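Engineer: Predicted coordinates and the sequence they were generated for:
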Amino acid sequence: MIPLHTADFVRVLPEAILSAFAILVMVFEPFIPAERKSLLGWFALFGVAAAGAGAVRTSFSPGLAFGGTVAADPFSLYFIFLFLLVASLTLLGSMNYLERDRVHHGEFYALVLMATVGMCFMAASAELIMIFIGLEISSLSTYVLVGFKRRERQSVEAAVKYFLLGSFATAFFLYGIAFVYGLTGTTNLLGLSEHVVAPAQWSSLMRLALILMFVGLAFKASTVPFHIWTPDVYQGAPAPVTAFLSVGPKAAAFAVLLRVLLGGMASAGPLTFRMVWISAALTMSLGNLAALAQTNLKRMLAYSSIAHAGYILVGVAAAMAGTGTEGVSSVLFYLAAYSLMNLAAFILIAHLAGTGERRTSVDDYTGLAYERPGVSACLMVLLLSLAGFPATAGFLGKFYLFRAAVHGHLVGLTILAVLNSVVSVYYYLRLVVAMYMQEGKTAASTLALPWPLRAALAVSLVGIFYLGLYPNQFLGLVNLAANPLP
């Protein structure tokens, strides 16, 4: 039996606080009148803030917890703070949406908190079984969130697709863990790194185990060819859930990929590198080319998120090619930038689409700038950042990724990434052109932005310009978080 110490509990304090608040939300839910369910949202938001304070406390007690299964290190804390930011913006962007669409139930907030718990454990786990547990906590919560509009066929259909395909992907990941344990006798990442220290020690079954685990994580990250669920699920899910899905689980999957590929299984050699290289190239290309043909904004952003997963894989490949901290830090920086701009874009479109999300076509936004100049300006900034225009976080994020790839001598992959970025400009600017350069009465909602949504947008926009114009201080934090991995 593993002896427990106070430090063990301190090192999982953020997850414990989030779990406690999720339970309390469910306890309080029956006692809150229907017209005041937003109180539960604010209570959940307070829980996220408390978890942030807990993470600060955890940073003063770094180390391994519970027999080396959980790591409280700069890498895990970086992701925990990122997940807490994502959760808080999702909560702010969903309160009025749930009330407007008459699906304002307290369990929504509890599920967001529990999904965040799972993602935090995925990033902090130093043990494959713990990673699997975190993956399941996150997955089960998001399955329910996708089908939260249970009276709408499209939402239920999206939930069923996500559940079935997600279950298959989870099975692949678990089979990979089983193979690893059968071959090495351990599932601890540190133990694995000591067990296989050279490419020559990798048997065919160990390579198969790595491929199986990569498949499971590639599903969560929406990389080709395991992306097929993404457009349908993103379109059918409630827009705030789509916003959450597009950044949170994706970032958690990349956190696990970095820990596994650069930690416990860093000795895999050329096999892993080839997988990542090919996946990055296919994911960028297919995501951007498919986005060109979309007229529905949620589907367009879904394929856009697939393309962005490909860009992130370029940074992972660069880290595996020997750039070390530079490659990892470029991935961490880009994940933060991507989270801000993509989540904000989805929650803003959720408001503009109106009740039932009936206005999600590009044509519905024709002439929006003439009636809603402020809202149009916000949406334009988010789109330009996603496209990678200068002075935004998206530009510097891509710059750091591509620079790391060049330093890793991945010139061909870098050229392909730059070409894909050029292609993406077309479908992002197509919406900007519709808003600013085409005449007509917009079909988008003209209701004033509720102030919780305004707060979420303000945080995102400030973050986008701060990271785009003054990145040095944040880069210092990113380098600190990336340093332990290589």
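Structural biologist: Sure thing, it's come through.
Engineer: show me the contacts for the residue nearest to residue 404 when sequence neighbours are not counted.
Structural biologist: Spatially, and ignoring its direct neighbours in sequence, residue 404 is nearest to residue 318 (3.9 Å; CB to CB, 6 or more residues apart in numbering). In short, each C-beta sits where N, CA and C put it, glycine included. Shown in contact with residue 318 (CB atoms under 8 Å, 6 or more residues apart in numbering): 326, 327, 330, 401, 404, 405, 407, 408, 410.
Engineer: now, which of the residues you listed lie within strands?
Structural biologist: Judged by DSSP state E, the subset of these located in strands is empty.
Engineer: Show me which of these is closest to residue 470.
Structural biologist: Within these, the smallest distance to residue 470 is 17.6 Å, found for residue 330 (CB to CB).
Engineer: avg pLDDT for stretch 38-52?
Structural biologist: Stretch 38-52 carries an average pLDDT of 93.
Engineer: From the chain's centre, how far out is it? Work that out for me.
Structural biologist: Averaged C-alpha coordinates place stretch 38-52 at 20 Å from its chain's average position (CA atoms, centre = their mean, to the nearest Å).
Engineer: Tell me the buried residues in that stretch?
Structural biologist: 38, 40, 41, 43, 44, 45, 47, 48, 50, 51, 52 (16 or more other CB atoms under 10 Å).
Engineer: what's the pLDDT at residue 311?
Structural biologist: 95.
Engineer: ugh, typo on my part, it should be residue 196
Structural biologist: Residue 196 is given a pLDDT of 65.
Engineer: Begin at 58 from now on, thanks
Structural biologist: Got it, first residue is 58 now, which makes that one residue 253.
Engineer: that older thread, selection in ChimeraX covering whichever of the contacts of residue 375 are buried, please.
Structural biologist: Applied in ChimeraX, the following selects the buried portion of the contacts of residue 375 according to 16+ other CB under 10 Å:
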select :383,384,387,458,461,462,464,465,467
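Engineer: closest to residue 71 among the contacts of residue 375?
Structural biologist: Distances from residue 71 to those, taken by CB to CB, are shortest for residue 387, at 25.3 Å.
Engineer: how much space between that closest one and residue 455?
Structural biologist: Residue 387 sits at a distance of 9 Å from residue 455 (criterion: CB to CB, to the nearest Å).
Engineer: Over to residue 195?
Structural biologist: 27 Å.
Engineer: what ranges do the helices span in the stretch 308-457 of the chain?
Structural biologist: Here the stretch 308-457 of the chain has its helices, by DSSP state H, counting those that start in this stretch, at 327-349, 354-375, 382-409, 425-428, 430-444, 450-464.
Engineer: how big is the angle separating the following helix or strand past the last one from helix 430-444?
Structural biologist: Helices and strands here follow DSSP states H and E; after helix 450-464, the next one along the chain is helix 468-493. Using axes from the mean of the first three to the mean of the last three CA atoms, to 10 degrees, the inter-axis angle of helix 468-493 relative to helix 430-444 is 170 degrees.
Engineer: Do a quick rundown of the strands in the stretch 58-207 of the chain.
Structural biologist: Per DSSP state E, counting those that start in this stretch, the stretch 58-207 of the chain carries strands over the ranges 120-122, 127-129.
Engineer: Deepest-packed of these, please.
Structural biologist: strand 127-129 (a mean of 24; mean count of other CB atoms under 10 Å).
Engineer: and residue 176, what does it touch?
Structural biologist: Contacts of residue 176 by CB under 8 Å, 6+ apart are 136, 140, 191, 195, 305, 306, 308, 309.
Engineer: thinking again about what came up before, look up the pLDDT of the residue nearest to residue 461 for me, please.
Structural biologist: pLDDT, read off for residue 375, is 91.
Engineer: Ok, residue 60 next?
Structural biologist: pLDDT at residue 60 comes out at 56.
Engineer: again, but for residue 324
Structural biologist: pLDDT at residue 324 comes out at 60.
Engineer: Give me the secondary structure label for the nearest residue to residue 196 once chain neighbours are set aside.
Structural biologist: Leaving aside its sequence neighbours, residue 196 sits nearest to residue 223 (CB to CB, 6+ apart; 5.5 Å). Of the three states, residue 223 takes helix under DSSP: H, G, I helix; E, B strand; the rest coil.
Engineer: Would you confirm that residue 223 contacts residue 276?
Structural biologist: Yes - counting by CB atoms under 8 Å, residue 223 does reach residue 276; the two are 6.8 Å apart.
Engineer: can you list residues touching both of the two?
Structural biologist: residue 286.
Engineer: need the contact list for residue 278.
Structural biologist: With CB under 8 Å, 6+ apart, residue 278 has these contacts: 307, 310, 311, 314, 366, 369.
Engineer: How many neighbouring residues does the nearest residue to it once chain neighbours are set aside have?
Structural biologist: Once flanking residues are discounted, residue 278 sits nearest to residue 310: 4.1 Å by CB to CB, 6+ apart. Residue 310: 25 surrounding residues under other CB atoms under 10 Å.
Engineer: just residue 474 next, same as before
Structural biologist: Around residue 474 there are 24 residues (other CB under 10 Å).
Engineer: Please pull out the lowest mean pLDDT helix or strand from this structure.
Structural biologist: Within the chain, no helix or strand scores below helix 246-252, which has a mean of 75 by mean pLDDT, DSSP states H and E.
Engineer: That helix: what's the following helix or strand?
Structural biologist: Taking DSSP H and E, what comes next after helix 246-252 is helix 261-278.
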